[in-house]
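Undergrad: Need a 3D model of the following:
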Amino acid sequence: MIHPNSPYKRIWDLFVFICITYFAIEVPVRLVFHYKLSAGVTWLERAIQIVFGLDVILNFNTAILKDRLLIHNRKIVTKTYLRSWFLIDFLSAFPFDLFGGFFFQYFGVTDSLKILRLLRSVRVFELFKSLRLLALGADSDDRFKLVEVINPMTFRLIFFVYWTSLFAHWVACGWIYLGPEFLADKDITTRYIRSLYWSVTTLTTIGYGDITPVTNKQTIYTMGVMILGVGIYGYVIGNIATLLSNLDVSRVHFQEKLNTIDSFIKYKKLPPQLANRIRSYYVNLWENKHGIDETEIWNQLPSGIKIDVSMFLHNHLISVVPFFKNAPEELKREVVLELKPAFYMKGDIIFREGDVPHNMYFLSKGHVEVIKENTSELLATLNSGSFFGEMSLIDDSLRTATIKAGSYCDVYTLGKDRFAEILKHHPKFAQHIQIIAEERKKNQTSKTTKTE
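TA: I've put the predicted structure just below:
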């Protein structure tokens, strides 16, 4: 049985959706204008019917999610499909045009049966759902978690635009069908555009009155469309406002935070320069992090997932540090778990020459300047992926240079105390670190002796 979440199945569903949309647009136009198809288009439609037929076969061989349980039993899958979508799928895939003589002899209809292909458009609801939802791994009770892979607000907007456009197209074709004399002296394109214009103005309750019903059928049809238009208009007004207000919830929360910060600045009567630095910090935090509180998300993750995510995000950072290159994998996993995020604005001093060291730093984004405090000499510039302050983990010497943020910097820190706790669990590596520390002290001693 095919898994409903298989990438190939989802691509196939998307392809079927495109084919359904083609028929939903083309069939009504052909029924009202009675034009003949070219040989190429005829073969295209025959290919689409074959696709629909293959889709019927695939549906008989695709596992289904029922009450969040994945069912592979072929008998249950078959029975469920026969009771739900099979009839619609069969009627839309059946080649009625190949049996035109039979249906004309017994039913008196041929082309009108093509309207049955529109039944397939009902399947769009199911396809939208399958493309929107993703079934994740099962819980302990074998029930799958359904997760929306498309933002609900975005999905509602796409779904609404799709169906409103398709419905307006059908109403326009219905208008031409009821009034064959409508702009009969014009070409097909002009007649369709003008009828679509009438459809849109009527559904949106604007109704300029430049195109009006003439016959009783057209009048009754227009009244029905007006009633539907009022419902659609109310739905639009009620939902568009909600969509716009919720389209970017994080931005709304960020704006609320800025308002709170402004109130804090006014209450504390902070000087303009300091106030601008605070605002600049939060604006940069939004532009680079989109208002995401990384620490809050981090604290809510279970330890197993936290370690795996940490290794994925930070393993490349710690692997460039010389004394971590040969470290055991267990130690690396403990180290990445202890990394803490920190942010610095351009011009911020991360630490000064002569400071007591407490952390080493991993630079994830931005660049920093290494400066000699006495002479203000720029010794080096470190870019994303670099590290600094690593010797604070293995000895107690003071900082030998000043580190200044040259841009907005996204960094991760590893505390000296936490690293010492990790080393207790890895005595062999602790001995390796001790050797490095002793060698560094010898080098510093020899440099001091030469200077004297």
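Undergrad: and T413, helix, strand or coil?
TA: Classification of T413 using DSSP: H, G, I helix; E, B strand; the rest coil returns strand.
Undergrad: Which neighbouring residues are in contact with the nearest residue to it once chain neighbours are set aside, exactly?
TA: Among residues not flanking T413 along the chain, N359 sits closest, at 4.2 Å (Cβ to Cβ, 6 or more residues apart in numbering). Where C-beta positions appear, they are placed from N, C-alpha and C, glycine not excepted. Residues near N359 by Cβ atoms under 8 Å, 6 or more residues apart in numbering: 389, 392, 413-416.
Undergrad: Please tell me I have it right and A275 contacts I265.
TA: Yes: shown here, A275 and I265 form a contact pair, counting by Cβ atoms under 8 Å, at 4.6 Å.
Undergrad: on that earlier part again, go through the contacts of N359 and name the one nearest V225.
TA: Closest approach between the contacts of N359 and V225, by Cβ to Cβ: T413, at 64.8 Å.
Undergrad: What distance do you get for the closest one to Y282?
TA: Remark: distance between T413 and Y282 (Cβ to Cβ, to the nearest Å) = 21 Å.
Undergrad: of those two, who's got more company?
TA: T413 (17 against 14; other Cβ atoms under 10 Å).
Undergrad: residues touching the more buried one, list them.
TA: 339-340, 342, 359-362.
Undergrad: where does it sit relative to S364, distance-wise?
TA: Note on T413: its distance to S364, by Cβ to Cβ, is 11 Å.
Undergrad: count of neighbours near K257?
TA: By other Cβ under 10 Å, the burial measure for K257, its neighbour count, is 14.
Undergrad: what's the residue nearest to it when sequence neighbours are not counted sitting at in phi/psi?
TA: Spatial nearest neighbour of K257, excluding adjacent residues (Cβ to Cβ, 6+ apart): Y282 at 6.8 Å. The phi/psi pair for Y282 (degrees, to the nearest 10) reads phi -70, psi -30.
Undergrad: hang on, isn't Y282 packed against N259?
TA: No: between Y282 and N259 there is no contact under Cβ under 8 Å: 11.2 Å.
Undergrad: In this structure, where is pLDDT below threshold?
TA: 67-68, 96-120, 123-154, 239, 243-250, 287, 289-294, 440-441, 443-452 (pLDDT under 70).
Undergrad: repeat that for 50
TA: Along the chain, segments meeting pLDDT under 50 span 101, 103-110, 135-136, 138-142, 145-148, 448, 451.
Undergrad: what's the lengthiest helix in the chain packed up against?
TA: The residue-count maximum for a helix in the chain (DSSP state H) belongs to helix 216-246. In this structure, helix 216-246 packs against helix 152-178, helix 188-203, with contacts taken as 3 or more Cβ pairs under 8 Å, 6 or more residues apart in numbering; DSSP states H and E.
Undergrad: Beyond that helix, next helix or strand please.
TA: Using DSSP states H and E, the helix or strand that directly follows helix 216-246 along the chain is helix 249-268.
Undergrad: Dump that following helix to CSV, restricted to CA.
TA: Only the C-alpha atoms of helix 249-268 are listed here, as CSV (Å, rounded to 0.1, in the frame of the first residue of the first chain):
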residue,chain,number,x,y,z
VAL,A,249,1.1,37.6,14.3
SER,A,250,4.7,37.9,15.3
ARG,A,251,4.9,41.4,13.8
VAL,A,252,1.9,42.4,15.9
HIS,A,253,3.5,41.1,19.0
PHE,A,254,6.7,42.9,18.1
GLN,A,255,4.9,46.2,17.7
GLU,A,256,3.3,45.6,21.1
LYS,A,257,6.7,45.0,22.6
LEU,A,258,8.0,48.2,21.0
ASN,A,259,5.1,50.2,22.6
THR,A,260,6.0,48.7,26.0
ILE,A,261,9.7,49.6,25.5
ASP,A,262,8.7,53.2,24.6
SER,A,263,6.6,53.4,27.8
PHE,A,264,9.6,52.1,29.8
ILE,A,265,11.9,54.7,28.2
LYS,A,266,9.5,57.6,29.0
TYR,A,267,8.9,56.3,32.5
LYS,A,268,12.7,56.0,33.3
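Undergrad: just the angle between it and helix 152-178, please?
TA: Helix 249-268 runs at 130 degrees relative to helix 152-178, counting by axes from the mean of the first three to the mean of the last three Cα atoms, to 10 degrees.
Undergrad: which parts of helix 249-268 are buried?
TA: 254, 265 (16 or more other Cβ atoms under 10 Å).
Undergrad: swap in stretch 79-91?
TA: For stretch 79-91, burial by neighbour count (16+ other Cβ under 10 Å) applies to 80-81, 85, 89, 91.
Undergrad: Include secondary structure and distance to G179 when you put those into JSON lines, please.
TA: Output for the buried residues of stretch 79-91, formatted as JSON lines (DSSP: H, G, I helix; E, B strand; the rest coil; distance: Cβ to Cβ, whole Å):
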{"residue": "T80", "secondary structure": "helix", "distance to G179": "44"}
{"residue": "Y81", "secondary structure": "helix", "distance to G179": "41"}
{"residue": "W85", "secondary structure": "coil", "distance to G179": "35"}
{"residue": "D89", "secondary structure": "helix", "distance to G179": "34"}
{"residue": "L91", "secondary structure": "helix", "distance to G179": "29"}
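Undergrad: Having no further points to raise, I will conclude here.
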